[in-house]
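1. heads up, no residue letters with this:
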Ligand code: HEM
């Protein structure tokens with residue numbers, strides 16, 4: 001039998017969709033971050049992020065949205081915004097009792113995206 005991917009170990013798309021839902025509750029409650037999403041269709045956004053994260057951790061279904069560079073180019077995201085966002089993701093995963101080694105794996109896929117997402121380098 002082939003080794004299970006992290007995507008499957010965590011419970012597949014349903015779990016990731018729950019992670020994404022809880023994550024955006026934190027993002028939209030954060031005074032420093034919520035304005036980024038003022039004009040965003042959150043239903044579409046959640047679907048995109050679910051698909052992106054799923055693919056990053058081993059789902060067979062390809063992510064068909066924009067590249068990270070194109071999706072964030074107009075947003076003036078600073079390193080501090082990226083760090084806070086990663087922090088909300090980690091807290092969300094911890095609250096859902098995802099084991100720390102799995103959280104580390106997810107973060108190791110997300111961290112290298114910082115260079116494409118952060119456009120204001122200060
Ligand atoms: C931590 C790593 C991140 C990942 C994996 C990620 C992922 C994504 C994805 C998949 C999309 C959708 C692309 C599409 O529409 O095709 C997107 C768009 C977006 N992201 Fe991120 N993102 C990250 C960090 C951030 C940060 C730090 C911010 C701001 C605090 C942010 C704000 C947004 C906004 C505002 C959009 C566009 C929504 C719109 O089109 O209205 N993202 N992101």
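-> Great, that's in hand. Because the structure is a prediction, the values reported are computed rather than measured.
2. Contact partners for residue 81?
-> By CB atoms under 8 Å, 6 or more residues apart in numbering, residue 81 lies in contact with 32, 33, 36, 118. Just so you know, the C-beta spots here come from the backbone N, C-alpha and C atoms, and that holds for glycine as well.
3. One more pass at 10 Å, please.
-> Neighbouring residues of residue 81 by CB atoms under 10 Å, 6 or more residues apart in numbering: 30, 32, 33, 36, 72, 75, 117, 118, 120.
4. of all those residues, which comes closest to residue 95?
-> Nearest to residue 95 among the contacts of residue 81, counting by CB to CB, is residue 30 at 15.4 Å.
5. Tell me the predicted confidence for the closest one.
-> Note for residue 30: predicted pLDDT of 98.
6. Residue 16 - how many residues pack around it?
-> As a burial measure, residue 16 scores 23 neighbours (other CB atoms under 10 Å).
7. Tell me the secondary structure at it.
-> Following DSSP: H, G, I helix; E, B strand; the rest coil, residue 16 is assigned to helix.
8. Whichever residue of the chain sits closest to the ligand: which element?
-> Closest approach between the chain and the ligand, counting by CB to the nearest ligand atom: residue 65, at 2.8 Å. In the assignment (DSSP states H and E), residue 65 maps to no helix and no strand.
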